[in-house]
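Enquirer: build me a model from this:
(one chain, ligands or ions: 2)
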Amino acid sequence: MSNTKIAPSLLAADFGNLQRDVEMVNDSTADWHHLDIMDGVFVPNISYGMPVVKTIHQHATKPLDVHLMIVDPDRYIETFANLGAANLTVHYEACTHLHRTLQAIKSAGMKAGVAMNPHTNIGLLEDIINDADLVCLMSVNPGFGGQSFIENTYNKIKDLKALINRKGAKTLIEIDGGVTSKNAKALVDAGADVLVAGSFVFKSQSPTKTISELKEITS
Ligand code: DX5
Ligand code: ZN
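Expert: Ligands and ions are numbered 1, 2, ... in the order given. Down below sits the predicted model:
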């Protein structure tokens with residue numbers, strides 16, 4: 001029995017009915033709310049910012065898993081701690097002093113995550129893996145929901161799992177982008193602990209049922 005977590009990405013929610021969609025996640029079998037913060041610089045898109053995160057936090061009953069796709073994320077660590085983030089994930093490619101950033105996230109009371117773009121090699125985590133509570137492997141190029149899953153992700157999960165085991169780390173492996181009921185089981189079999197799903201959940205006829213389906217497939 002695996003303990004896979006499902007984290008619906010609110011990027012695909014209906015922002016005119018944000019409270020309803022957050023409550024749908026509350027009442028579902030999902031584990032976390034995944035929040036995508038984009039600055040239009042690190043990625044070619046702007047998503048939403050602090051007032052929206054504040055509203056989500058007011059209505060959410062599950063941990064907020066915040067994924068920062070922004071340059072120089074150190075500027076906002078305290079802000080996201082105050083906004084109620086449980087996990088704060090920064091991009092490997094956006095951090096010059098990643099070790100310092102992860103320590104600052106933990107000092108602010110959050111779990112520290114590192115996200116990696118599809119082209120970034122797992123070997124680069126060798127000296128930081130024991131400091132990361134979570135590694136988010138991007139299985140699409142970050143910036144947009146609804147893209148197709150990149151198949152090389154399976155190789156990266158295996159490499160990352162091997163690194164985690166070799167280093168005796170307790171890091172969770174999260175997969176973000178293009179997750180559906182078709183690849184969910186294979187991702188968990190390869191070593192994934194957390195699956196993020198945006199459009200597959202919110203564009204489905206019954207998001208609640210789709211979340212249960214993902215949960216069942218991966219348990
Ligand atoms: C992409 C975001 C993802 C996105 C996933 O940049 O980090 O979290 O919302 O969306 P889907 O599941 O539609 O690929
Ligand atoms: Zn994300």
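
Enquirer: for the rest of this, base every contact and every neighbour count on C-alpha atoms.
Expert: Noted.

Enquirer: show me the contacts for the residue nearest to Ala30 when sequence neighbours are not counted.
Expert: Of all residues not flanking Ala30 in the chain, Ile6 sits nearest, at 5.1 Å (C-alpha to C-alpha, 6 or more residues apart in numbering). Residues in contact with Ile6, defined by C-alpha atoms under 8 Å, 6 or more residues apart in numbering, are Ala30, Asp31, Trp32, Val194, Leu195, Val196, Ala197, Ile211, Leu214, Lys215.

Enquirer: could you check how far Ile6 is from ligand 1?
Expert: Applying C-alpha to the nearest ligand atom, to the nearest Å, the value for Ile6 to ligand 1 is 11 Å.

Enquirer: helix, strand, or coil at that residue?
Expert: Put simply, Ile6 is strand when judged by DSSP: H, G, I helix; E, B strand; the rest coil.

Enquirer: on that earlier part again, same list, the contacts of Ile6, but only the ones touching ligand 1.
Expert: Residues of the contacts of Ile6 in contact with ligand 1 (C-alpha under 6 Å from any ligand atom): Ala197.

Enquirer: quick one, phi psi at Val66?
Expert: Main-chain torsions, Val66, degrees, to the nearest 10: phi -100, psi 120.

Enquirer: hang on, it packs against Leu88?
Expert: Yes - taking C-alpha atoms under 8 Å as the definition, Val66 is a contact partner of Leu88 at 5.0 Å.

Enquirer: which stretches of the chain have low pLDDT?
Expert: Scanning the chain for pLDDT under 70 picks out the ranges 1.
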